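K.L.:
A predicted structure for the sequence below; I have some questions about it.
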Amino acid sequence: MKKLFSVLAVLFVLGTVNVFALGIGPQGGYAVQGAPSGALTLKVDSLPCVFAITADFTEPVALGVTADWWVANPKIEGTWGYFYGLGLAGSVTVGENAGAIFAGGRALIGTNIFLLNNFIELYLQAAWQPGVSIHNGGVTPVITKGAFPINLGLRFWF
């Protein structure tokens, strides 16, 4: 009876496991009216969401996160496509004479291509990030018209 229960349990687990691909990779870019930065991106193929952890190690140091929802990712030809979507962004900046917290939205557009049997994804994207900032411990939020990051990246799909 224990063997039968064990076999049924294994079949149940195998029947409920979803198989998915995971894309992870570096991203680099420059924000117009900003500084260069790097990021680590993460995407699961079964969801239209892309997450990134960004870092700018110039003075002042800034760490941030973004979460983008791709509204669409149509193909142009073969494995080449484009995408557009909306998202959220947040960051914390710390330095000797500067400090800030930012929270805002994102509107993005980009193009991507898959290479080597869909193992490598290369992409170029631009975003608009309007939001609210609080600088140097001030209590008055400042509405920003937004940064305009332009990023080039690649993801490896496993």
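P.N.:
In hand now; what should we look at? Remember, it's a predicted structure, so these values are computed and weren't measured experimentally. Numbering: from 1, shown residues only.

K.L.:
helix, strand or coil for residue 151?
P.N.:
The three-state label given to residue 151 by DSSP: H, G, I helix; E, B strand; the rest coil is strand.

K.L.:
could we number from 4 for the rest of this?
P.N.:
With the count now opening at 4, the last piece we talked about shows up as residue 154.

K.L.:
Tell me how far the nearest residue to residue 145 once chain neighbours are set aside lies from residue 104.
P.N.:
Nearest non-adjacent residue to residue 145, counting by Cβ to Cβ, 6 or more residues apart in numbering: residue 136, 4.9 Å away. (Each C-beta comes from the backbone N, C-alpha and C, glycine too.) From residue 136 across to residue 104, the span is 7 Å (Cβ to Cβ, to the nearest Å).

K.L.:
for residue 89, same thing?
P.N.:
Using Cβ to Cβ, residue 89 is found at 21 Å from residue 104.

K.L.:
Ok, residue 116 next?
P.N.:
Relative to residue 104, and taking Cβ to Cβ, residue 116 is found at 36 Å.

K.L.:
Direction included, what does the helix or strand encompassing residue 73 pair up with?
P.N.:
In this assignment (DSSP states H and E), residue 73 forms part of strand 64-75. If you go by DSSP bridges, strand 64-75 pairs up with strand 52-59 (antiparallel), strand 83-97 (antiparallel).
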